[in-house]
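**Q** Predicted model and sequence follow; I will ask about them next.
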Amino acid sequence: MQPIFARGTVRSITEKMVIGRWLAKILIGLLVKETSLLFDRAKPESGPIVSSEFIEELHHCHFLMQSARKPTVFRCLHGELPFSFYHFQIADGGEDCFDLSTNILGQSLAIMAGHLGICFVSDGGLQMEVGPQGPFGLAGSTVSRTQFRELSARVHYKAALRDATHFYLTSESPKELQVDQVRVTPYSRGFLPGTQEVRIFREWNDEEFSYGLAYTLGTKRSALFDEATGQCGTTLFDKQGNLAVGSA
């Protein structure tokens, strides 16, 4: 990972797989730690922050982790990767630039180090299905630290809206693993109204999102959310609608 972050760019699908595997390891590592930490130390009966059973549900992460021990062939429905992945160049990055954020329920993780920012979602690539270039199609753009934090918040919130998963078939030979995404399986309501199309995400809600964005940016929600219009502001664009920092 060091050469990739030192360079500040992601050059190939192979590097994306390496990064995805590394971030899956970090995500599971954080969760394993939280299975041993109490949600409220003053109330031990409240149990741990995360139950051990929840970790068993991280099928996408487990598949990625298994690919570290043996060559693995992923046959995906939404692209080349078995996860959602967006990367950005950080204009004001440097040696002092580091940030890490997660959405445990959405199984998403964002990391900013040096001049590179990466958003990763262990969702089998479902965000790539609806937005292959990420929020506002900005994947690959040059953004500021603050803008990357907003992009991360948008990916995290979208991850929390996921309402479907994959049905998998796996096989293993002495030489390799094979993981096939067979179909997308809905959690709750099944299909979009009036169609036979599986509902992958619940509807975006700017009011709901504004709480997470305010927390991420360390600002008052009232500075971001317009109660009259029901719309959340953004750091990404100027008044003319242009990306405020510029594209790579």
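**A** On my side now, so go ahead.

**Q** C-alpha only now, for contacts and for neighbours.
**A** Fine.

**Q** Can you pull out the low-pLDDT segments for the protein?
**A** Within the chain, the segments meeting pLDDT under 70 span 54-57, 189-196, 246-248.

**Q** can you pull the buried residues of the strand ranked longest in it?
**A** With secondary structure taken from DSSP state E, the chain has its longest strand at strand 84-103. Under the neighbour-count criterion of 16 or more other CA atoms under 10 Å, strand 84-103 has 84-91, 93, 101-103 buried.

**Q** Does anything pack onto it? Which helices or strands?
**A** helix 13-34, strand 108-121, helix 126-130, strand 142-143, helix 145-160 (3 or more CA pairs under 8 Å, 6 or more residues apart in numbering; DSSP states H and E).

**Q** what's the angle from that strand to strand 108-121?
**A** 170 degrees (axes from the mean of the first three to the mean of the last three CA atoms, to 10 degrees).

**Q** What angle do helix 13-34 and strand 84-103 make with each other?
**A** Strand 84-103 and helix 13-34 meet at an angle of 20 degrees, taking the same axes, to 10 degrees as the criterion.

**Q** What strands flank strand 84-103, and is each parallel or antiparallel?
**A** strand 108-121 (antiparallel), strand 142-143 (parallel) (DSSP bridges).

**Q** Output stretch 138-150 as PDB - backbone C-alpha positions only.
**A** The C-alpha trace of stretch 138-150 is given here as PDB (Å, rounded to 0.1, in the frame of the first residue of the first chain):
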ATOM      1  CA  LEU A 138     -16.700  13.100  -9.400                       C
ATOM      2  CA  ALA A 139     -14.500   9.900  -9.000                       C
ATOM      3  CA  GLY A 140     -11.000  10.700 -10.200                       C
ATOM      4  CA  SER A 141     -11.400  14.400  -9.600                       C
ATOM      5  CA  THR A 142      -9.100  16.600  -7.600                       C
ATOM      6  CA  VAL A 143     -10.800  17.800  -4.400                       C
ATOM      7  CA  SER A 144      -9.900  19.500  -1.100                       C
ATOM      8  CA  ARG A 145      -9.800  17.700   2.200                       C
ATOM      9  CA  THR A 146     -13.200  19.100   3.200                       C
ATOM     10  CA  GLN A 147     -14.700  18.100  -0.100                       C
ATOM     11  CA  PHE A 148     -13.400  14.600   0.200                       C
ATOM     12  CA  ARG A 149     -15.000  14.400   3.700                       C
ATOM     13  CA  GLU A 150     -18.300  15.400   2.100                       C
END
